[in-house]
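[1] Sharing a sequence plus its predicted fold:
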Amino acid sequence: MSVRTPRLPRPSRARRAFGAAAVTAVAALAAALLPTGQAGAAGTTLRSLAEARGIYFGTAITQGDLGNPALTAVAGSQFGMLTPGNEMKWDTTEPSQGSFNFAPADRIVSFAQGNAMKLRGHTLVWHSQLPSWVSGLPPVQVKAAMENHITNEVAHYKGKLYSWDVVNEPFNEDGSFRADAFYNAMGNGFVADALRTAHAADPTAKLYLNDYNIEGQNPKSDAMYNLVKSLKSQGVPLDGVGFQAHFILGQVPSTFKANLQRFTALGVNVAITELDDRIQLPASTTSLTQQANDYATVINTCLAVTGCVGITQWGVGDADSWIPGTFPGYGAATLYDADYRPKPAYASSVTALGGSTGPSPTPGTSCKVTSTVNAWNTGLTEDITVTNTGSTTLNGWSLAFTLPVGQTVTNSWNASLIPATGQVAAQSTSYNSTLAPGASTSFGFQATHTGNTSPPALFSLNGAPCTTA
Ligand code: G3I
């Protein structure tokens with residue numbers, strides 16, 4: 001098979017034009033969260049900016065996240081690739097031998113499809129979240145159980161996934177193989193066997209090995225490098241290596257780019273698969289600024305490496321991250337705060353992806369938004385009330401927000417909305433342009449939808465972020 005997979009297709013000319021024209025909103029919102037005096041980023045979504053650069057920008061969600069409208073609104077609009085956080089792992093998909101359960105992962109696949117997102121399958125063969133019946137098997141039975149698991153799961157999602165993390169975390173820190181059920185039963189040959197089995201079940205999915213602490217050059221990444229080299233020389237179907245990139249603030253390795261490049265030189269793609277950047281709490285202006293630098297470094301590194309196909313953040317916002325539970329005292333590791341407001345790292349990411357910078361918010365502006373959706377099978381109406389909770393009278397206002405993917409505005413009242421999809425700005429009209437402190441005004445719109453009837457998210461009034469009720 002051809003192992004050097006191309007980057008995702010470049011967007012059409014029309015799409016690039018839209019990206020350039022659709023100035024603002026979210027980026028202006030990010031601007032509002034930057035330290036005083038710093039200009040903020042303006043642009044479209046992470047997703048559209050990344051795609052315009054020929055890469056994807058993704059996130060991970062779990063099935064519990066699907067019940068959180070604020071989370072899903074951001075996930076479905078800002079990210080173009082989705083990884084199920086837990087639902088495709090062995091303990092969920094085959095909790096007892098031969099008994100498969102794909103319902104939780106199917107719900108995430110449906111969400112991704114409803115938002116026109118691609119999917120990374122995660123993960124088929126891993127020592128963790130592995131049911132005890134597998135580790136309890138006599139070694140002689142492990143190979144057949146592994147092949148059966150891979151065949152059934154990959155076949156279930158055949159044609160639906162961009163890629164699979166076929167083997168996850170095979171190495172110890174010193175570069176030796178982890179002595180898990182698979183290695184103990186089959187030696188290092190389990191990796192090639194797993195890849196061949198997955199390829200037979202879905203020849204179109206890109207097949208990856210995935211690990212953490214392999215971002216810089218060290219004994220563990222040397223071991224991964226040697227494994228990839230050996231697999232390629234044997235003609236084993238392997239398309240890429242996933243670098244989880246669970247970073248600690250300020251510690252993106254200096255050898256990151258050179259390390260990615262030595263892998264792509266072997267004829268595989270590389271992807272950042274679980275990015276986060278943990279901060280010792282409480283976060284400060286200084287640490288959030290360093291985090292913004294770290295995220296920009298990661299994005300710039302991927303963009304600089306031909307064969308780096310995309311970046312996935314692990315979780316949507318700080319409230320969804322695994323970090324606080326696993327590293328007590330650390331957190332604030334993602335692009336969004338616990339209320340899904342973009343952090344400085346969001347603004348630096350937009351800039352790194354080629355978004356333009358925009359104006360700072362009007363001083364003294366703050367706001368509150370309430371919204372109501374009434375939906376039917378193909379359409380909806382949305383009524384929005386914005387309150388000026390700041391100290392400044394606004395003479396002319398613009399309320400920016402993110403419309404869920406699939407929604408297209410068809411008409412509006414009491415405000416003009418531009419553009420009809422994505423990052424929308426609702427502009428005041430002649431009769432409601434003055435908004436005094438404490439005053440509210442209401443407007444609305446009608447839209448078509450393709451299944452996602454969530455309300456808009458990430459409201460900002462004249463560049464200042466709004467709270468939502
Ligand atoms: O489902 C049970 C629930 O029934 C129980 O009440 C609850 C009590 O703690 O636990 C629930 O299971 C948790 C599971 O996530 C589902 O939420 C586990 O305790 C918890 O350990 C598990 O954590 C996951 C972790 O992998 C396990 O290693 C994280 O959500 C998930 O984000 C994390 O993801 C991994 C990647 O797959 C591989 N790379 C590292 C990354 C971070 O650890």
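    Looks like it came in fine. Numbers count the residues shown, from 1 in each chain.
[2] Look at residue 297 and give its secondary structure.
    Classification of residue 297 by DSSP: H, G, I helix; E, B strand; the rest coil places it in helix.
[3] In which helix or strand does residue 229 reside?
    With elements taken from DSSP states H and E, the one containing residue 229 is helix 219-233.
[4] helices or strands up against that helix?
    Where contact means 3 or more Cβ pairs under 8 Å, 6 or more residues apart in numbering; DSSP states H and E, helix 219-233 is packed against helix 189-201, strand 206-211, helix 256-264. All C-beta spots, glycine's among them, are computed from the backbone N, C-alpha and C.
[5] With just CA atoms, put stretch 425-435 into CSV.
    Extracted in CSV, the C-alpha atoms of stretch 425-435 (Å, rounded to 0.1, in the frame of the first residue of the first chain):
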residue,chain,number,x,y,z
ALA,A,425,-21.8,39.2,13.8
ALA,A,426,-25.2,40.7,14.6
GLN,A,427,-25.1,44.4,13.9
SER,A,428,-27.5,46.9,15.5
THR,A,429,-29.9,48.8,13.4
SER,A,430,-30.7,52.5,13.4
TYR,A,431,-33.5,52.2,16.0
ASN,A,432,-31.7,50.0,18.6
SER,A,433,-28.1,51.1,18.2
THR,A,434,-27.8,52.9,21.6
LEU,A,435,-27.4,50.5,24.5
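[6] Stretch 329-346 vs the ligand: in contact?
    No - figure legend: stretch 329-346 not in contact with the ligand (Cβ under 6 Å from any ligand atom); closest approach 10.9 Å.
[7] Deepest in the core, which of the helices and strands packed on helix 219-233 is it.
    Comparing the helices and strands packed on helix 219-233 by mean neighbour count (mean count of other Cβ atoms under 10 Å), strand 206-211 ranks first with a mean of 25.
[8] do that strand and the ligand meet?
    No - judged by Cβ under 6 Å from any ligand atom, strand 206-211 and the ligand are separated, with a smallest distance of 7.4 Å.
[9] rewinding a little: show residues contacting the helix holding residue 229.
    Contacts to helix 219-233, defined as Cβ atoms under 8 Å, 6 or more residues apart in numbering, come from residues 3, 170-177, 188, 191-192, 195, 209, 211, 213-215, 238, 241, 259, 262-263, 266-268.
[10] Look up how far residue 384 lies from residue 413.
    Distance of residue 413 to residue 384, given as Cβ to Cβ, to the nearest Å: 11 Å.
[11] try residue 402
    From residue 402 over to residue 384 (counting by Cβ to Cβ), the distance is 13 Å.
[12] Quick check: neighbours shared by those two?
    Shared contacts of residue 402 and residue 384, defined by Cβ under 8 Å, 6+ apart, are found at residue 456.
[13] Enumerate every residue touching residue 207.
    Shown in contact with residue 207 (Cβ under 8 Å, 6+ apart): 163, 164, 166, 195, 198, 199, 237, 238, 239, 240.
[14] who's it bridged to?
    On the basis of DSSP bridges, residue 207 is bridged to residue 164.
[15] now it: how far from residue 163?
    For residue 207, the distance to residue 163 (Cβ to Cβ) stands at 7 Å.
[16] any shared contact partners between the two?
    Joint contacts of residue 207 and residue 163 (Cβ under 8 Å, 6+ apart) are 239, 240.
[17] can you count the residues close to the one residue in the stretch 301-450 of the chain that gets nearest to the ligand?
    As assessed by Cβ to the nearest ligand atom, the ligand sits closest to residue 322 within the stretch 301-450 of the chain, at 4.1 Å. Counted by other Cβ atoms under 10 Å, the residues lying close to residue 322 total 18.
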